[in-house]
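J.: Pasted the sequence and its predicted model underneath.
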Amino acid sequence: MRISGFGHTLFGIAVAGLAILSLVYGNFAPLAEPFTAPLPWPGVWTFVLGATLLAASAGLFFARSASVCAMVIGLFALAWTVTRCRPVFLNPKVVGSWDGVCEALGPLVATWILYAMLRRQSGAHTATVMTGDRALRVARVVFGAACVVYGAAHFAYVKFTSSMVPTWLPDRTGLAYLTGALHAAAGIGLLFGVLPRLAATLEAIMMSLFGGLVWLPSFFAQPAPEWASSAQFQWSETLLTFLLAASAYIVAASLRGTPWGLAPAVPVNSALPAK
């Protein structure tokens, strides 16, 4: 098995970082957070779940365990997504209600696509309903919908978004609107198959720049920005941002070998793996 591109590597590192964060601070990183409320002995479960995530992230880099570990991380991401649905039902017209769900959908879709690509690399000749070409198209559409919500959040909370733009950049409000529009454009491209490879690559680059230009410098800012409330929060948001960037890179990798233009038509026998 060869590593499925830069996204595969960054995804494993980001998940490992979140797992270590959970172990160091003794509470739950985003991927494990859904399990906190109903469990007794939260300290014990924090260690167990953090250790499980850390082991799964390491297993992504070994041929024999990569696909299984992708499934394990996917289960965490699925639970994370489900627990973020409550605000949507309570306030479906509020963009912020959808933003939390879509943050969880990114890693969920990434593990789905990564699992499918790993199965194909392993020489599996029979694709399942989750690994066929049609399934990958659905996964990219879901990711595209999440990107549209990221863009909408920039517009709905433009004042907060612009406050995070580095002060040395001109027209911070304009950049907040511009990046929101680019997120939405990338999402629409994936939704409708218009320049989907370019759209996913653009989304990955934007997320990477957000982590590199916004969150990483926040560790060195004096005084710390108002939106960086604590060291734990900074680490969590930094790793989460790079996790979303890695998810976009994985989506782009699933389109490797296809034209940069319109998405190819899904074959009738979509259970067959792509050649």
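T.: Perfect, I can see it now.

J.: Go through this structure and flag its longest helix.
T.: When the chain is parsed with DSSP state H, its longest helix is helix 95-121.

J.: packing partners for that one?
T.: Under the contact criterion of 3 or more C-beta pairs under 8 Å, 6 or more residues apart in numbering; DSSP states H and E, helix 95-121 touches helix 5-25, helix 66-83, helix 86-90, helix 133-156, helix 231-253. From N, CA and C alone the C-beta is placed, and that goes for glycine too.

J.: got the angle between it and helix 5-25?
T.: Interaxial angle of helix 95-121 relative to helix 5-25 (axes from the mean of the first three to the mean of the last three C-alpha atoms, to 10 degrees): 120 degrees.

J.: Use 16 as the first number for this chain going forward.
T.: Happy to do that; since the first residue is 16 now, the last one works out to helix 110-136.

J.: thinking again about what came up before, export the helices and strands packed on helix 110-136 as a markdown table, with columns for mean pLDDT, distance to Arg212 and mean neighbour count.
T.: Formatted as a markdown table, the helices and strands packed on helix 110-136 follow (pLDDT from 0 to 100; distance: least, C-beta to C-beta, whole Å; neighbours: other C-beta atoms under 10 Å):
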| stretch | mean pLDDT | distance to Arg212 | mean neighbour count |
| --- | --- | --- | --- |
| helix 20-40 | 93 | 13 | 21 |
| helix 81-98 | 92 | 22 | 20 |
| helix 101-105 | 90 | 30 | 12 |
| helix 148-171 | 95 | 10 | 21 |
| helix 246-268 | 94 | 6 | 23 |
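
J.: Pipe the ones you listed into CSV and attach distance to Leu133 per row.
T.: Below are the helices and strands packed on helix 110-136 laid out as CSV (distance: least, C-beta to C-beta, whole Å):
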stretch, distance to Leu133
helix 20-40, 9
helix 81-98, 4
helix 101-105, 31
helix 148-171, 13
helix 246-268, 11
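
J.: pretty sure Ala73 contacts Ala31?
T.: Yes: with contact defined as C-beta atoms under 8 Å, Ala73 reaches Ala31; the gap is 6.8 Å.

J.: ok, back up a step: quick one: which of the helices and strands packed on helix 110-136 is nearest Ser233?
T.: helix 246-268 (5.6 Å; C-beta to C-beta).

J.: Packing partners of that closest one?
T.: Using 3+ C-beta pairs under 8 Å, 6+ apart: helix 246-268 touches helix 20-40, helix 110-136, helix 148-171, helix 211-225, helix 231-233.

J.: and the first one, how far from the chain's centre?
T.: In terms of C-alpha atoms, centre = their mean, to the nearest Å, the centre of helix 20-40 is found 12 Å from the chain centre.

J.: Of all the residues in the helix or strand that it is followed by, which ones are buried?
T.: Following helix 20-40 in sequence order, the next helix or strand is helix 57-74 (DSSP states H and E). For helix 57-74, burial by neighbour count (16 or more other C-beta atoms under 10 Å) applies to 61, 64-65, 67-69, 71-72, 74.

J.: mind giving me a markdown table with those and columns for distance to Ile128 and pLDDT?
T.: Listed next are the buried residues of helix 57-74 as a markdown table, based on distance: C-beta to C-beta, whole Å; pLDDT from 0 to 100:
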| residue | distance to Ile128 | pLDDT |
| --- | --- | --- |
| Thr61 | 29 | 81 |
| Leu64 | 24 | 86 |
| Gly65 | 25 | 90 |
| Thr67 | 22 | 94 |
| Leu68 | 19 | 94 |
| Leu69 | 22 | 96 |
| Ala71 | 16 | 97 |
| Ser72 | 17 | 96 |
| Gly74 | 17 | 96 |
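
J.: Quick one: work out the angle between the longest helix of the chain and helix 81-98.
T.: Helix 110-136 runs at 160 degrees relative to helix 81-98, counting by the same axes, to 10 degrees.
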